[in-house]
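Asker: Provide a 3D model corresponding to the input given below.
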Amino acid sequence: MTQPNSRISKAVVPAAGLGTRFLPATKATPKEMLPVVDKPAIQYVVEEAVAAGLSDVLMITGRNKRPLEDHFDRNYELEEALARKGDARRLGQVQEPSDLATMHYVRQGDPRGLGHAVLCAAPHVGDQPFAVLLGDDLIDPRDPLLSRMIGIREREGGSVVALMEVDPSQIHRYGCAAVASTGEPDVVRVTGLVEKPDPSEAPSNLAVIGRYVLDPAVFAVLRETRPGLGDEIQLTDALAELAGDERTGGPVHGVVFRGRRYDTGDRGAYLRAIVRLACEREDLGPEFRDWLRHYVNEEM
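Answerer: You can find the predicted model right below:
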């Protein structure tokens, strides 16, 4: 286990999924590149990592994910065309992704679950703590969840997971945490984790959402973790082992998040995320909200 105050500078973003819930749109386009208003979903995730002070981002990719690399690379031909037109606003928008962070990429190859994707990051991360951000969860920048998690890690050591209260009937869609209270209302001690439990057997209604700050001890545990639900190596199983034996890699804490989260993991939630974010944009919101009110009141 690394020392609690070890500085965290690296983020890992698993992005090797096939995006089958969005077919046929994702047949040739990575789901992470689907636009949320006017930026691909993956850019929001990288911006969140950078805002939390993480300057080194490793994406775990797979086949047909080259557009992810292209998006965070320079496009000199497009930049020169915009510069000739004097379109400084769009030029800045095009250049922004490539200036966000130092980007790295590694292929997962055989997609064997989130735990396996995290394990692919071991050579890059080394023996330092790191953050994992899943692209299906977009966290509003006004709610600095990741910064709060990093602060807990620096103070307490071990690993930190993001938790959110969900309707008990929906807990089967998530990893679920058994917890003990601490002296802070938004921080709990994780005593156990179960991946997608039956609601009748769930230890709580606290679901694990897609943000983690992990001690590098998780890699040794993942190497020994047998495939679990869905015949995949589950990160939840490895964290459950860390929570059950602190000598392995320190405690596991949870930050209970009550802020704004936009789920882009299924079609309905993705559309709601676009509407919510568009309504809050200063440049789009007023006109879009007026249209939306008219549509709901007059056309439905």
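Asker: what separates the residue lying closest to Arg211 once chain neighbours are set aside from Met149, distance-wise?
Answerer: Leaving aside its chain neighbours, Arg211 sits nearest to Ala162 (3.9 Å; criterion: CB to CB, 6 or more residues apart in numbering). In short, each C-beta sits where N, CA and C put it, glycine included. According to CB to CB, to the nearest Å, Ala162 and Met149 sit 6 Å apart.
Asker: Lys27 now?
Answerer: For Lys27, the distance to Met149 equals 35 Å [CB to CB].
Asker: Counting neighbours, go ahead and name the busier of these two.
Answerer: When neighbours are counted by other CB atoms under 10 Å, Lys27 and Met149 differ, and Met149 comes out ahead with 25 against 11.
Asker: so how far is Pro35 from that one?
Answerer: Note on Met149: its distance to Pro35, by CB to CB, is 27 Å.
Asker: residues in contact with Pro141?
Answerer: Pro141 sits next to Glu47, Glu48, Ala51 when contact means CB atoms under 8 Å, 6 or more residues apart in numbering.
Asker: List only buried entries from these.
Answerer: Neighbour counting by 16 or more other CB atoms under 10 Å classes Glu47, Glu48 among the contacts of Pro141 as buried.
Asker: Between the contacts of Pro141, which sits nearest Pro168?
Answerer: The nearest member of those to Pro168, counting by CB to CB, is Glu48 at 28.4 Å.
Asker: coming back round to it: quick one: the residue nearest to Arg211 is in a helix?
Answerer: No. Counting by DSSP: H, G, I helix; E, B strand; the rest coil, Ala162 is not found in a helix; it is strand.
Asker: right, and it touches Phe257 too?
Answerer: Yes. Shown here, Ala162 and Phe257 form a contact pair, counting by CB atoms under 8 Å, at 5.4 Å.
Asker: More neighbours: which of the two?
Answerer: Neighbours per residue (other CB under 10 Å) separate Ala162 from Phe257, with Ala162 holding more: 24 against 20.
Asker: so what's in contact with Ala162 and Met149 at the same time?
Answerer: Common neighbours of Ala162 and Met149 (CB under 8 Å, 6+ apart) are Arg211, Tyr212, Val255.
Asker: Make CSV from those and add distance to Arg155, secondary structure and pLDDT to it.
Answerer: CSV is the format used below for these (distance: CB to CB, whole Å; DSSP: H, G, I helix; E, B strand; the rest coil; pLDDT from 0 to 100):
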residue, distance to Arg155, secondary structure, pLDDT
Arg211, 17, strand, 96
Tyr212, 17, strand, 97
Val255, 12, strand, 97
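Asker: Type out the PyMOL command that picks the buried ones from the residues you listed.
Answerer: The buried residues among the shared contacts of Ala162 and Met149 can be selected in PyMOL (16+ other CB under 10 Å) with this line:
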select buried, resi 211+212+255
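Asker: Nearest to Leu271 among the shared contacts of Ala162 and Met149?
Answerer: Nearest to Leu271 among the shared contacts of Ala162 and Met149, with distances taken as CB to CB, is Arg211, at 22.7 Å.
Asker: can you list the domain ranges for the chain.
Answerer: Using automatic domain parsing, the domains assigned to the chain come out as 10-265, 266-300.
Asker: out of the ones you listed, deepest packed?
Answerer: Of all these, domain 10-265 carries the top mean neighbour count, a mean of 18, counting by mean count of other CB atoms under 10 Å.
Asker: all helices for the stretch 201-300 of the chain, in order.
Answerer: 217-224, 235-244, 246-249, 267-280, 285-294 (DSSP state H, counting those that start in this stretch).
Asker: Sounds good, over and out.
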